[in-house]
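A.B. asks: could you look at this predicted model? Sequence included:
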Amino acid sequence: MKGEDAPGPINPDAVQHLSKKKKSRVDPESIIRQIKEGDRVALARAITLLESTKLEHQAMASAIVNLALPHSGKAIRVGITGTPGVGKSTFIESTGLMVIERGHRLAVLSIDPSSQVSKGSILGDKTRMAQLAKNEKAFIRPSPSGTTPGGVARKTRESIILCEAAGFDVIFVETVGVGQSETAVHSMVDFFLLLLQPGAGDELQGIKRGIVEMADLLVVNKADGAHAKKAIEAKREYAVALHLYPPKESGWKPKVMTCSAIETTGLDEIWDIIKRYRDEMQANGYSESNRAIQDQYWFHESIKADLHSMFFNNDAVKANIPLLEKDIAEGKITPFDAARQLLNKFQGK
């Protein structure tokens, strides 16, 4: 009103908090400081920036990851994969709660399959892991797989770095299904666990050789009730099959276990094997050399991804793709010549 002073803020502290929060969105140092202090909202926000396709978000995310690097690298990274319906979510929740009881902090990066039609994803892992999601020492981040090969979200590896900077000393990466293209997770974890159903037989034939060769531990889940006997039989068949594979460079001999994620039996033994693996690989130097190899791999993969993005965002490429597609459909040009022409356009020839 005329003659009256403008009223002050109702809650000055709230305004100050919002101001700090707004600043943290554009300041990588503020975000990494919050992440190191255990702010899970800041961690989730940083991962969202990682997954964004906007150039300004990518630049921000890159700065955050670089600041996080000195504070990462000390966690046990475990990849967990298996066919749909094998019980991955139940296994991760039961094992995760047990790991937390042993004094650890756990981050779960779970990858939900994206529809190839709608490109959407349900992202329901927090629902499937309700108990774990409520635990203050756990962080669950579901991400859509998108079009990324390997069943792993495009920025999962950088997400691991951020989670380690936040103080999570155990990282579980859950991948989509099992198949030849699902093995990218192997290149970003220390230990690779393949979850299996009871009743080997035909299923053993259906599993891709590559995924079994990469596994450090095969676990037959659902070893309870009517499935208990089948689980033991499956364990025996998988153990025999492992003898057909060549020895690992690490010197580790893959093992086969049974467990019941519902009854939580066998989980302690599985975790003990993971810890023994870590201790042995650190002692023989494989852990350090393997992570160095993984860094080189992702260096080359990043180049490929960036080149792919640069190519398809090029104005000349975008303008000529529909024309060349039309010529291919009409049989005027082969797909290979069309691709060569498009590359020439990209190079300005």
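C.D. replies: Structure received. Numbers count the residues shown, from 1 in each chain.

A.B. asks: which residues of the stretch 101-250 of the chain score low on pLDDT?
C.D. replies: Scanning the stretch 101-250 of the chain for pLDDT under 70 picks out the ranges 112-127, 145-154, 176-183, 200-209.

A.B. asks: how about the strands in the stretch 201-349 of the chain?
C.D. replies: 217-220, 255-258 (DSSP state E, counting those that start in this stretch).

A.B. asks: most tightly packed of those?
C.D. replies: Stretch with highest mean neighbour count among those: strand 217-220 (a mean of 26; mean count of other Cβ atoms under 10 Å). C-betas here are computed from N, CA, C, even on glycine.

A.B. asks: still on that earlier bit, CSV for the strands of the stretch 201-349 of the chain, including distance to I64?
C.D. replies: Formatted as CSV, those follow (distance: least, Cβ to Cβ, whole Å):
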stretch, distance to I64
strand 217-220, 33
strand 255-258, 38
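
A.B. asks: out of the ones you listed, flag the one nearest I333.
C.D. replies: strand 217-220 (49.1 Å; Cβ to Cβ).

A.B. asks: okay, now the sheet partners of the closest one, with direction.
C.D. replies: strand 191-196 (parallel), strand 255-258 (parallel) (DSSP bridges).

A.B. asks: which other residues reach that strand?
C.D. replies: Around strand 217-220, the neighbours that count as contacts under Cβ atoms under 8 Å, 6 or more residues apart in numbering are 91, 191-198, 212, 231, 234-235, 238, 242, 254-259, 266, 270, 273-274, 277.

A.B. asks: quick check on A138: phi, psi?
C.D. replies: The phi/psi pair for A138 (degrees, to the nearest 10) reads phi -120, psi 150.

A.B. asks: give the bridge partners for it, please.
C.D. replies: Here A138 sits in beta bridges with L106, going by DSSP bridges.

A.B. asks: would you confirm that it contacts V108?
C.D. replies: Yes. With contact defined as Cβ atoms under 8 Å, A138 reaches V108; the gap is 7.0 Å.

A.B. asks: shared neighbours, these two?
C.D. replies: G96, L132.

A.B. asks: now do the longest helix seen in the chain, average pLDDT.
C.D. replies: Across the chain, the helix with the greatest residue count (assigned by DSSP state H) is helix 286-312. Average pLDDT, helix 286-312: 91.

A.B. asks: residue boundaries of the helices in the stretch 1-150 of the chain?
C.D. replies: Using DSSP state H, counting those that start in this stretch, the helices of the stretch 1-150 of the chain run over residues 12-26, 28-36, 40-51, 55-68, 88-101, 125-128, 130-134.

A.B. asks: looking at those helices, spot the one closest to I161.
C.D. replies: For I161, the closest of those is helix 55-68, at 5.2 Å, according to Cβ to Cβ.

A.B. asks: tabulate the strands paired with strand 217-220 (a markdown table), appending distance to I171.
C.D. replies: Shown next, in a markdown table, are the strands paired with strand 217-220 (distance: least, Cβ to Cβ, whole Å):
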| stretch | distance to I171 |
| --- | --- |
| strand 191-196 | 10 |
| strand 255-258 | 21 |
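
A.B. asks: now for the ones you listed, which one comes closest to I303?
C.D. replies: Smallest distance to I303 across the strands paired with strand 217-220 (Cβ to Cβ): 24.8 Å, for strand 191-196.

A.B. asks: so which bits of that closest one are buried?
C.D. replies: F191, F192, L193, L194, L195, L196 (16 or more other Cβ atoms under 10 Å).

A.B. asks: then stretch 167-174?
C.D. replies: Those would be G167, F168, V170, I171, F172, V173, E174, for stretch 167-174 by 16+ other Cβ under 10 Å.

A.B. asks: so the fourth one makes contact with K74?
C.D. replies: No. With contacts defined as Cβ under 8 Å, I171 does not count as touching K74, sitting 10.5 Å away.

A.B. asks: joint contacts of those two?
C.D. replies: E164.

A.B. asks: measure H71 to L49 for me?
C.D. replies: Noted for H71: a distance of 18 Å to L49, by Cβ to Cβ, to the nearest Å.

A.B. asks: between those two, which has more neighbouring residues?
C.D. replies: Neighbour count, other Cβ atoms under 10 Å: between H71 and L49, L49 has more, with 24 against 16.

A.B. asks: so who does the closest residue to the more buried one other than its chain neighbours touch?
C.D. replies: Closest residue to L49 apart from its sequence neighbours, by Cβ to Cβ, 6 or more residues apart in numbering: A61 at 4.1 Å. When the contact criterion is Cβ under 8 Å, 6+ apart, the partners of A61 are A46, L49, L50, S52, K155, E158.

A.B. asks: go on, I64?
C.D. replies: Taking Cβ under 8 Å, 6+ apart, we find I64 in contact with P28, I31, I32, I35, A46, L49, L162.
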